[in-house]
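Novice: structural data only, the sequence is not supplied:
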């Protein structure tokens, strides 16, 4: 049966308005990044007075953007790999085995999801500073320290989602693998994990995105050499000028990799959410 | 890679798992120490990044921890309940500001979650049937979610600028709605600026989850309803929305917790100290700790916040699970 006419019209109007709301900032970002400085310091204008790619050249010298980019890549990449690997093992244990303390573990993991980041920031800050003073290991201000803290966000979510996903992989598959002579690890790596690839990809995408976009810990826990993009972008405003065209160009440059990756993998994300979170 | 080769078993998974439910956990897979070994890395990390910091945070909240003791926090003098007394003394400046910030956060969170849910659900229902350009539109709608927070929010900062921003240009120069250009990032308007950005950034998540939930509603339900003469709107009200109930219960809770704890959005929008009208609690605690260097009070506030979230979440889970059980009977 065809949808009602009133529904079709409401849908058309609603989706048009929503598209406008979603796209306006994207348009501002893209168009402003191609404007000369005079255009972004004066009255706002929808169309640039002249197109220039100057901002895209200048962003690399106004602040050391390449270095921040590298830092973000290392930190987000390492945090993603760590949290996915650790979560796969943990989720497999919870999904396939009965053991003492299982409920305590899952409830703890679930509840750490709700804790505000600020609750961990203060103690972690002090722990890092004190470890540094006592042993000389510089966790505070280092990339390693930041990677460790980023696991606070991605690990609970990854474990939680992968448990749901592994549960939906038929048990017969790994039991057959065990019968065929695989060890439990073999069953996980050869059968369960490959069958759960959409879930694992979804978790990895999520972990990378949160680490790439995180501001709070990055602003407290980094120094000049380890600064990530989240903090580095603030460098485009000086006392006298705010280089809005460069800020927009830099924002676009740092967004393109994650947005492109996300859109390419969103199929998996929806599949992962369906099996993992929505049940 | 070999992803396509393994697609099939996943696609049939839900029905298969349900059918095998009765003979789960036969004990065949059981070996005493293996699960613990698999859990070990996760346990160590959870301990390191969550439990130990939490315990230290609670200890810190009972100490008089100012900048003089940062080098070695354990030497800071005990203050008993002092930090808590300061935090909840609503007649004094610190407590008064905390209470104000709490109410701002509650109001902001409720509004933001409601709008995110409403827009996300409406959009997901609109996109349930196939039509031309649906795939493209879906990708576009996910862009705000995929954009890094600071890049997205900094664009909004530019749009909210007093002299050269788009918002004032449209509202004042083009539509003549306001007498003179308004300030959006300071003063009372900042609440609405924050709400707009938060909804813009947050609704695609609701959209994503509801879309996933809609896939689980069997087509036959709609066909049967259509045969019985139910129109599109009635189908939405009688089938779609009730079927989404379990999904919504999780979604609303997650949205609530994320919005309530959100630090990134207000911090990029306003900087280290937010305007009074948009003084969200996480920025407020950050400011109390890292700007005025009073870690003890900051920790006490964090613990109070945590207690509040525990009570609310516990109550919510109890309420919804009871509701679900009642609905089953």
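Specialist: That came through, no problem. Nothing here was measured: the structure is a model prediction, and the numbers come from that model. Residues are numbered from 1 along each chain as shown, chains lettered A, B, ... in the order given.

Novice: tell me the contacts of the spatially most central residue of chain B?
Specialist: Relative to the mean C-alpha position of chain B, the nearest C-alpha, by C-alpha atoms, centre = their mean, is the one of residue B:258, at 1.9 Å. Residues counted as contacts of residue B:258 (C-beta atoms under 8 Å, 6 or more residues apart in numbering or on different chains) are residue B:202. Any C-beta I mention is one placed from the backbone N, CA and C, and that applies to glycine too.

Novice: mind checking which helix or strand it is in?
Specialist: Assessed by DSSP states H and E, residue B:258 sits inside helix B:245-261.

Novice: just confirm yes or no for the following helix or strand past that helix near chain A.
Specialist: Where DSSP H and E defines the elements, the next helix or strand beyond helix B:245-261 is helix B:264-270. Yes: looking at helix B:264-270 against chain A by C-beta under 8 Å from any C-beta of the partner chain, the contacts come from B:264, B:267, B:268.

Novice: ranges for the strands of the stretch 51-200 of chain A?
Specialist: With strands called from DSSP state E, counting those that start in this stretch, the stretch 51-200 of chain A shows none.

Novice: which residues of it score low on pLDDT?
Specialist: For the stretch 51-200 of chain A, applying pLDDT under 70 flags no range at all.

Novice: all helices of it, in order?
Specialist: Here the stretch 51-200 of chain A has its helices, by DSSP state H, counting those that start in this stretch, at A:54-62, A:65-96, A:102-112, A:117-135, A:143-167, A:171-179, A:184-187, A:193-195, A:197-213.

Novice: tabulate those (a markdown table), appending mean neighbour count and distance to chain B.
Specialist: A markdown table is the format used below for the helices of the stretch 51-200 of chain A (neighbours: other C-beta atoms under 10 Å in any protein chain shown; distance: least, C-beta to the nearest C-beta, whole Å):
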| stretch | mean neighbour count | distance to chain B |
| --- | --- | --- |
| helix A:54-62 | 17 | 13 |
| helix A:65-96 | 22 | 4 |
| helix A:102-112 | 15 | 5 |
| helix A:117-135 | 20 | 4 |
| helix A:143-167 | 24 | 5 |
| helix A:171-179 | 17 | 6 |
| helix A:184-187 | 18 | 6 |
| helix A:193-195 | 20 | 5 |
| helix A:197-213 | 24 | 4 |
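
Novice: for those, which one sits closest to residue A:3?
Specialist: For residue A:3, the closest of those is helix A:197-213, at 30.5 Å, according to C-beta to C-beta.

Novice: which residues touch the very next helix or strand once past that closest one?
Specialist: Moving toward the C-terminus from helix A:197-213, the next helix or strand (DSSP H and E) is helix A:216-221. Helix A:216-221 has contacts (C-beta under 8 Å, 6+ apart) with A:117-118, A:121, A:124-125, A:128, A:140-141, A:145-146, A:149-150, A:227-228, A:230-231, B:263-264, B:267, B:282, B:286, B:290.

Novice: still on that earlier bit, buried ones in the helix holding residue B:258?
Specialist: Neighbour-count burial for helix B:245-261, with 16 or more other C-beta atoms under 10 Å in any protein chain shown as criterion, is recorded at B:247-249, B:251-261.

Novice: wait, isn't residue A:14 in contact with residue B:126?
Specialist: Yes: taking C-beta atoms under 8 Å as the definition, residue A:14 is a contact partner of residue B:126 at 6.2 Å.

Novice: which of those two has more neighbours?
Specialist: Between residue A:14 and residue B:126, counted using other C-beta atoms under 10 Å in any protein chain shown, residue B:126 has the larger neighbour count: 20 against 15.

Novice: nearest spatial neighbour of that one, skipping sequence neighbours?
Specialist: residue A:11 (4.6 Å; C-beta to C-beta, 6 or more residues apart in numbering or on different chains).

Novice: same question for residue B:312.
Specialist: Closest to residue B:312 by C-beta to C-beta, 6+ apart is residue B:256, at 7.8 Å.

Novice: mind listing what the one you found touches?
Specialist: B:109, B:113, B:312.

Novice: of the residues you listed, which belong to helices?
Specialist: B:109, B:113, B:312 (DSSP state H).

Novice: burial measure for the last one, as a count.
Specialist: The number of residues packed near residue B:312 is 16, by other C-beta under 10 Å.

Novice: per-residue confidence at it?
Specialist: Per-residue confidence (pLDDT) for residue B:312: 91.

Novice: could you do the one 3 residues further on as well?
Specialist: Residue B:315 is assigned 90 on the pLDDT scale.

Novice: can you tell me how far it is from residue B:321?
Specialist: 11 Å (C-beta to C-beta, to the nearest Å).

Novice: same deal with residue B:62?
Specialist: 35 Å.

Novice: higher neighbour count, those two?
Specialist: The residue with more neighbours, out of residue B:62 and residue B:321, is residue B:62; 19 against 11, by other C-beta under 10 Å.

Novice: quick one: contacts for the residue nearest to residue B:159 when sequence neighbours are not counted?
Specialist: Nearest residue to residue B:159, sequence neighbours excluded (C-beta to C-beta, 6+ apart): residue B:166, at 4.4 Å. By C-beta under 8 Å, 6+ apart, residue B:166 lies in contact with A:24, A:28, A:44, B:158, B:159.

Novice: try it again at 10 Å.
Specialist: Neighbouring residues of residue B:166 by C-beta atoms under 10 Å, 6 or more residues apart in numbering or on different chains: A:24-25, A:27-28, A:32, A:44-46, B:155-156, B:158-160, B:174.

Novice: columns secondary structure, pLDDT and distance to residue B:53 on top of those, output as CSV?
Specialist: Shown next, in CSV, are the contacts of residue B:166 (DSSP: H, G, I helix; E, B strand; the rest coil; pLDDT from 0 to 100; distance: C-beta to C-beta, whole Å):
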residue, secondary structure, pLDDT, distance to residue B:53
A:24, helix, 96, 40
A:25, helix, 96, 35
A:27, helix, 95, 42
A:28, helix, 95, 39
A:32, helix, 93, 40
A:44, coil, 89, 44
A:45, coil, 87, 49
A:46, coil, 91, 48
B:155, helix, 95, 33
B:156, helix, 96, 32
B:158, helix, 93, 36
B:159, helix, 95, 37
B:160, coil, 95, 35
B:174, helix, 88, 50
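
Novice: redo these as TSV? Include neighbour count and distance to residue A:254.
Specialist: TSV is the format used below for those (neighbours: other C-beta atoms under 10 Å in any protein chain shown; distance: C-beta to C-beta, whole Å):
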residue	neighbour count	distance to residue A:254
A:24	17	20
A:25	25	15
A:27	13	18
A:28	21	16
A:32	27	15
A:44	21	23
A:45	15	25
A:46	11	24
B:155	28	12
B:156	26	16
B:158	24	15
B:159	24	18
B:160	21	21
B:174	12	31
